[in-house]
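Asker: I need the structure of the sequence given here:
(2 chains)
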Amino acid sequence: MNAFIDIQDIQYRPATLAPEKPNLIDGISYQIEQGEFIAIIGKNGSGKTTLIKLLNGLLSPTKGSIHISGLDTRDLTNSHQLRSLTGMVFQNPADQIVASTVAEDVAFGLENLNLPSQIIQTSVAEQLIQVGLVEETNRPPHLLSGGQIQKLALAGVMIRKPKILLFDEPTSMLDPLSRELFMESVHQLHQQGMTIVYVTHHMEEAVFADKVIALNTGKIAFSGTPHEVFNEDTRLYEADLEMPESARIANQLRSLGVHLKPNILTREELLENLPSFQASFTHAAPHSTVNAEPASHPIISIKDLHYTYLARTPHAKKALFGVNLDVISSNIHGIAGTNGSGKSTLLQHINGILRGDNGSVTVGKFLLEDPATRLREVIKKVGLVFQNPETQFFETYVGDEIAYGPKQFGLDDLSIRVREAMTNVGLDFEALKDRRLETMSGGEKRKVALASTLVLGQDILLFDEPTAGMDPKSREEILTLFCQLQYQGKTIVIASHRLEELAEITQYLSLMQSGKVVKTGPSQAIFSDPQTIMATGLLPPLATIVSQKLITRGWPIQDSDTSTPDQLCMALQGLVS
Amino acid sequence: MSSRFEFLGSTAIGQYVPRDSWFHQRDPRARLFTFIALFTGITFTKELSGIALGLLSVLLIFSLSKVPIKPALKGIRRALPFILFLAVLQILFGFRLESDFVFWSIFNLDITHRAAVSAMMLVIRFSILITLLTGFVMCLSTSQITAALHYLLKPFEKFKFPINDVTMIVQITLRFLPMIAQMAEKTAKAQAARGGDWEQRGFNPIRQAKRVIPLIVPIMVNSLRRAETMAMAMETRGFNAAEKRSSYYQLAFNWQDGALLGLASLSMIMMGLAGTVY
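Answerer: Model (predicted):
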């Protein structure tokens, strides 16, 4: 038992847990060698976070033992050494920032070692250069962007030079570009010999690990190298997980008859291995043009909208720089952009929570720039689900939380309305209406948040990053819900930085960058122009990239109509023998 | 149009204005002491002359530090209803002597000259204190406050006073205030988006109070949850209040800081002696 991290048959069960509930961790044994990169995957509530808290001794196992470099985590006299050995980056980085300026927060870990000021100052300066936060040295953390806060959290941990890094879904708040940069720094650390344990919902991140552990209900469902784990179709499915997108697309292509080598897991592998077009070109692929939309009147119309946060204070920050946007009724309209591009601010202007400095916002019959327009009247027509809505719950029970809106408007038949809304999002009314909110899983909470807006039955629905932090299955369910809502005739606007999701469900797409809408059009048209997408700092959907590559290799396909894996397969059908 | 939901803008904490002024260059300890001295002086001075001296000192700080005075005026305007309310109480129930000159009497209430003067003093005193407070948050960053506090408390370490805990409490509180403001903002927005009545229409304190009540519980719950995570994060980064800690800042004190210290003390003493010596 001389492994660097030695986990021996551990169980964990908090004393306050109701007796009928299963153990949070239920019999895990595993050995991790020094310098290994371990990814932990599993659906919301499978025990991932609990496991890594056990690893650095924040929690102590109720049964079994964990030894790190020979130190027993249950022994409190070891805690000082364990703290120096391990560093942890939490899920919500803002919660682990202690001090009120960037430099001072990075210094915190060294102040605790009682080092002299000069040494701390030099190390802090070095560390800030390393993570690229020099310019923010004296800024308060609450004014940093999501990507910057994550960097700050990492810097604060790294300055103590730990041997083991534990990450708890560190990228769930980041846009694709920030995520890629963050993953790159994780890679570098791994190459420098750091032992890494990395919890994630993104299978695309897990493929870079040496080993992957799939957790389900507190047990290791299966584990192995990424290739071994991601070949287990059925077991992945049973654990509510999925293959990385590249592997899924590779499988779909294979089933069409395209020759691809086995075991493709990453984007790079997939693109490199795409074959050139072989068969003789027989007939043109069915060519579907973008539907010429009948000229219809937009239900949301925004003209030259400007907005500044904290206007007329020393911390004023302009967020919108002249936004123009039209949304046509009964469509799903995506708004894509990186963190800080102004998506959330824009959405809050559509339901009147924020009112612009100048410019005009027309929603249905409401002129929002008119101060006489009552917010409550607009709300009856427009619903908004904020980012991470489950952090804004203010009631205790599920039913009350959902009933809040109808109560405010004095609507009758409360329980019928609540029941309908819950059924709509796939929650069982009878079983869940009296449950306490904090006992629900992450995915269930997100559904409650959706229901608490849908219960008002508005015609226009706005969603801010609705799938962020959700496991693959919950993501799928939420996307299906959007399509159902559209079928009911609702107009839906979704802000997101996940283009592969927007490609699945939107008819129209707007790209935002630095507080402006830089491009709007039918989704197909936007997706067929990956250059513009990349210029805004976003990543085009993988299917688009694959189809572009196929075109350069001689495949006679159209570059529009291929932004989802299914569309790509449709386009390829009949081209492969 | 300023938003109804920008609670962050209305919190004084975190409004530090970095300037390259003589005052900003002074040692944080000297600056912190200056503010403490002036607060004490203005609060306890008995005479109008003392208050005048206080006003003069406050204005001097504003000109030495080159920070704008406008935020202070905004702060006074916001607090005015409460100050006026206190002033009315002072007039009605304040200390009085039988011999006091009554210049107005309504119903059974006599308004004496003494009460009127003390009510006026109260209004002026509070206005100056608010101005000073605004100056304080603009001239000292939160980290400077904690660093200075740590040093100023150091003598008490001998008496087993837990200065590590106290400075850490102050530091975390200062860090949490903007976080709580942001949290309140989010929750208020979430309620408004579902029909909660958050629209500002004129001055209506009862309505305003009613609006704040549903925010209190979620903010407390959320704060506790975040505090728990933060405590865990601090632990993983090696924090242990029982052990000796060092500081990122090394403070240096020179003669100019001494001069500021002297001036501030002098001003405080003069205010204290107002009415007895001159």
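
Asker: ranges for the strands of the stretch 51-200 of chain B?
Answerer: Under the criterion DSSP state E, counting those that start in this stretch, the stretch 51-200 of chain B contains strands at B:102-106, B:109-112.

Asker: The stretch 251-400 of chain A now?
Answerer: Read by DSSP E, counting those that start in this stretch, the stretch 251-400 of chain A holds these strands, from start to end of the chain: A:298-309, A:317-328, A:332-336, A:358-363, A:366-367, A:382-385.

Asker: Could you tell me which ranges of the chain sit under the pLDDT cut-off?
Answerer: Since you didn't name a chain, this refers to chain A. Regions of chain A meeting the criterion pLDDT under 70 cover residues A:1, A:279-295, A:314-315, A:560, A:577.

Asker: not quite, I wanted chain B
Answerer: Low-confidence segments of chain B (pLDDT under 70): B:1-14, B:95-100, B:106-109, B:199-205, B:207-208, B:277-278.

Asker: same thing but at 80, please
Answerer: Residues of chain B meeting the criterion pLDDT under 80: B:1-18, B:78, B:92-114, B:142-143, B:171, B:174-175, B:178-179, B:197-214, B:241-243, B:275-278.

Asker: Pick the most buried one from the strands of the stretch 51-200 of chain B.
Answerer: Among the strands of the stretch 51-200 of chain B, judged by mean count of other Cβ atoms under 10 Å in any protein chain shown, the one packed with the most neighbours on average is strand B:109-112 (a mean of 16). From N, CA and C alone the C-beta is placed, and that goes for glycine too.

Asker: What pairs with that strand, parallel or antiparallel?
Answerer: strand B:102-106 (antiparallel) (DSSP bridges).

Asker: Quickly note the distance from the residue most central in space within chain A to chain B.
Answerer: What sits nearest the mean C-alpha location of chain A, by Cα atoms, centre = their mean, is A:Ala468, with 3.3 Å. According to Cβ to the nearest Cβ, to the nearest Å, A:Ala468 stands 15 Å off from chain B.

Asker: same thing with A:Thr453?
Answerer: 7 Å.

Asker: That residue contacts A:Val385, correct?
Answerer: Yes - the pair A:Thr453 / A:Val385 is scored as a contact, 4.9 Å apart, by Cβ atoms under 8 Å.

Asker: Find residues that contact each of these two.
Answerer: Contact criterion Cβ atoms under 8 Å, 6 or more residues apart in numbering or on different chains; residues shared by A:Thr453 and A:Val385: A:Leu461.

Asker: Could you find the closest non-adjacent residue to B:Met271?
Answerer: For B:Met271, ignoring the flanking residues on the chain, the nearest one in space by Cβ to Cβ, 6 or more residues apart in numbering or on different chains is B:Gly41 at 3.5 Å.

Asker: where does that neighbour land in three-state SS?
Answerer: Remark: B:Gly41 carries the secondary structure label helix [criterion: DSSP: H, G, I helix; E, B strand; the rest coil].

Asker: circling back: between the strands of the stretch 251-400 of chain A, which gets nearest to chain B?
Answerer: Distances from chain B to each of the strands of the stretch 251-400 of chain A were compared using Cβ to the nearest Cβ; the minimum, 4.5 Å, belongs to strand A:382-385.

Asker: For the closest one, which strands pair with it and how are they oriented?
Answerer: Partners of strand A:382-385 in its sheet, by DSSP bridges: strand A:460-464 (parallel).

Asker: any chance of the strands of the stretch 251-400 of chain A in CSV, with mean neighbour count too?
Answerer: As requested, the strands of the stretch 251-400 of chain A are arranged in CSV below (neighbours: other Cβ atoms under 10 Å in any protein chain shown):
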stretch, mean neighbour count
strand A:298-309, 19
strand A:317-328, 18
strand A:332-336, 27
strand A:358-363, 18
strand A:366-367, 14
strand A:382-385, 26
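
Asker: measure the residue nearest to A:Ala3 when sequence neighbours are not counted to chain B for me?
Answerer: Counting by Cβ to Cβ, 6+ apart, A:Ala3 lies nearest to A:Gln31, which is 3.6 Å off, once chain neighbours are set aside. Here A:Gln31 is placed at a distance of 23 Å from chain B (Cβ to the nearest Cβ).

Asker: And A:Lys211, by the same measure?
Answerer: Distance check for A:Lys211 against chain B: by Cβ to the nearest Cβ, it reads 23 Å.

Asker: so how many other residues sit close to that residue?
Answerer: By other Cβ atoms under 10 Å in any protein chain shown, 19 other residues sit near A:Lys211.

Asker: for A:Gly489, same thing?
Answerer: Neighbours of A:Gly489 under the rule other Cβ under 10 Å: 9.

Asker: give me every residue that touches the closest residue to it other than its chain neighbours.
Answerer: Once its chain neighbours are removed from consideration, A:Gly489 has its nearest residue in A:Ser330; the separation is 5.6 Å (Cβ to Cβ, 6+ apart). Contacts were defined as Cβ under 8 Å, 6+ apart; by that measure A:Ser330 touches A:486, A:489-491.

Asker: Type out the PyMOL command that picks the buried ones from these.
Answerer: Entered in PyMOL, the line below selects the buried ones among these, by 16 or more other Cβ atoms under 10 Å in any protein chain shown:
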select buried, chain A and resi 486+490+491
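
Asker: about what we covered before: I'd say the residue nearest to B:Met271 and B:Gly272 touch.
Answerer: Yes - taking Cβ under 8 Å as the definition, B:Gly41 is a contact partner of B:Gly272 at 6.4 Å.

Asker: Between these two, which has more neighbouring residues?
Answerer: Here B:Gly41 and B:Gly272 are compared on neighbour count by other Cβ under 10 Å; more neighbours surround B:Gly41, at 25 against 16.

Asker: What separation is there between the more buried one and chain A?
Answerer: Here the distance between B:Gly41 and chain A works out to 27 Å (Cβ to the nearest Cβ).

Asker: The one residue in the stretch 351-500 of chain A that gets nearest to chain B - nearest residue in space that isn't next to it in sequence?
Answerer: When you check the stretch 351-500 of chain A against chain B by Cβ to the nearest Cβ, the closest residue turns out to be A:Gln408, at 3.4 Å. Distances taken as Cβ to Cβ, 6+ apart place B:Gly195 nearest to A:Gln408, at 3.4 Å, with adjacent residues excluded.
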